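Enquirer: need a 3D model of the following:
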Amino acid sequence: MTAVEWLEEELKTRYGLTPTSILLFRDAKEMEKQQQDEFAIGFAEWSSFYREKNRNSKLDMLHAKSKYDESYTTKELLEIYKKEKGL
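Expert: Numbering: from 1, shown residues only. Next up is the predicted model:
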């Protein structure tokens, strides 16, 4: 459940929603989806520079720029990406 969906449910439960607020929530959910899509595409494009792939003993995917560079798990790469983007 996204933050917008949570807020919509809370307000609907507590106060009910007007036709205008229903339209606003629809627009907010679409904006949120676009932002998520842009983030996912950005991360996918950014992480494509880590071309070497392998798995560790826990079967976590490891990524490295080359076989001579340090490896990172997908989760670690995501944290690096978010930090670089200020998120």
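Enquirer: how far away is residue 79 from residue 60?
Expert: According to CB to CB, to the nearest Å, residue 79 stands 14 Å off from residue 60. Where you see a C-beta, it was placed from the backbone N, CA and C, and this is true even at glycine.
Enquirer: from the chain's centre, how far out does the top helix by length along the chain sit?
Expert: Looking across the chain with DSSP state H, the single longest helix is helix 19-47. On the basis of CA atoms, centre = their mean, to the nearest Å, helix 19-47 sits 10 Å off its chain's mean C-alpha point.
Enquirer: show me what it is packed against.
Expert: helix 3-14, helix 74-85 (3 or more CB pairs under 8 Å, 6 or more residues apart in numbering; DSSP states H and E).
Enquirer: any idea which helix or strand comes after that helix?
Expert: strand 52-55 (DSSP states H and E).
Enquirer: quick one: strands adjacent to that following strand?
Expert: Strand 52-55 sits in its sheet next to strand 61-64 (antiparallel), going by DSSP bridges.
Enquirer: could you dump the partner strand to PDB, C-alpha only?
Expert: Below are the C-alpha coordinates for strand 61-64, written out as PDB (Å, rounded to 0.1, in the frame of the first residue of the first chain):
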ATOM      1  CA  MET A  61      22.900 -11.300  -6.900                       C
ATOM      2  CA  LEU A  62      26.300  -9.500  -7.000                       C
ATOM      3  CA  HIS A  63      27.100  -6.700  -9.400                       C
ATOM      4  CA  ALA A  64      30.500  -5.200 -10.400                       C
END
